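Visitor: here is my input, please return the structure:
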Amino acid sequence: MENFSANFKINVLEMDDEHMVFEMIGVDAPIANAFRRILLAEVPTMAIEKVLITDNTSIIHDEVLAHRLGLVPIFADPNDFQYKSADKDYDDKNSILFKLSVKCTRNPDAPDDAPATTKYFNSNVMSSDLVLVSDGGVHANVRTVHEDILIAKLRPGQVGATSSAVYLIILMW
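Guide: This next block holds a predicted model:
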């Protein structure tokens, strides 16, 4: 143990709100991997877990769309929430509600040889299209981490996810 303590050293090379780069000196790869796994397990995260799809006319199957939504990182402080037990209903203390409603239409002013993003309105469903359904500012700072994550591509007449409401319940994992 004394030998390990004498040789082990951590140098933080970079650190910001989203990532940290560091080097561990004097440690074997399996021990470094164990540290990595512990760090990943101990970081509280919020993710989309339950998706109710009421209308999806895109070419993406409902299950694939729900999976893609589950991969969108959510910016929220997990400390502001309580873990939902099985006997409790969803409320603003244990969940976040998002709505996604996007319909693709043709742009009448665009030439036929224009790219899809010009030729159509809402041809790309992005993470920025997720709208927080808030009850008066309880979760004012909740949003997606990045607004430019592509969720689906649509063509005129297709509805991405829903024409009325998709409720995405965000829970701690």
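Visitor: confirm Thr118 sits in a helix?
Guide: Yes. Assessed by DSSP: H, G, I helix; E, B strand; the rest coil, Thr118 belongs to a helix.
Visitor: ok, it touching Pro108?
Guide: No. Between Thr118 and Pro108 there is no contact under Cβ atoms under 8 Å: 12.0 Å. To be clear about C-beta, it is placed using only N, CA and C from the backbone, and glycine gets the same treatment.
Visitor: have a look at those two and say which one is more surrounded.
Guide: Thr118 (13 against 6; other Cβ atoms under 10 Å).
Visitor: how far away is that one from Lys103?
Guide: 17 Å (Cβ to Cβ, to the nearest Å).
Visitor: kindly report the same for Met46.
Guide: Taken as Cβ to Cβ, the span from Met46 to Lys103 is 28 Å.
Visitor: more crowded one of those two?
Guide: Per other Cβ under 10 Å, whichever of Met46 and Lys103 has more neighbours is Met46, with 21 against 18.
Visitor: roughly how far does the more buried one sit from Cys104?
Guide: Met46 is 29 Å from Cys104, where distance means Cβ to Cβ.
Visitor: please apply the same query to Val125.
Guide: Using Cβ to Cβ, Val125 is found at 9 Å from Cys104.
Visitor: list residues touching both of these two?
Guide: 154, 160 (Cβ atoms under 8 Å, 6 or more residues apart in numbering).
Visitor: and those two? Which one has more around it.
Guide: Neighbours of Val125 and Cys104, each counted by other Cβ under 10 Å, are more numerous for Val125; the result is 28 against 22.
Visitor: restrict stretch 75-87 to CA atoms and write it as PDB.
Guide: The C-alpha trace of stretch 75-87 is given here as PDB (Å, rounded to 0.1, in the frame of the first residue of the first chain):
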ATOM      1  CA  PHE A  75     -29.700  19.300 -18.400                       C
ATOM      2  CA  ALA A  76     -31.300  19.100 -15.000                       C
ATOM      3  CA  ASP A  77     -30.000  19.000 -11.400                       C
ATOM      4  CA  PRO A  78     -30.900  15.500 -10.100                       C
ATOM      5  CA  ASN A  79     -30.700  16.900  -6.600                       C
ATOM      6  CA  ASP A  80     -33.900  18.900  -7.300                       C
ATOM      7  CA  PHE A  81     -35.800  15.700  -7.700                       C
ATOM      8  CA  GLN A  82     -36.900  12.700  -5.600                       C
ATOM      9  CA  TYR A  83     -36.600   9.200  -6.800                       C
ATOM     10  CA  LYS A  84     -40.100   7.900  -7.800                       C
ATOM     11  CA  SER A  85     -41.200   4.800  -5.900                       C
ATOM     12  CA  ALA A  86     -43.500   2.300  -7.400                       C
ATOM     13  CA  ASP A  87     -46.500   3.300  -5.300                       C
END
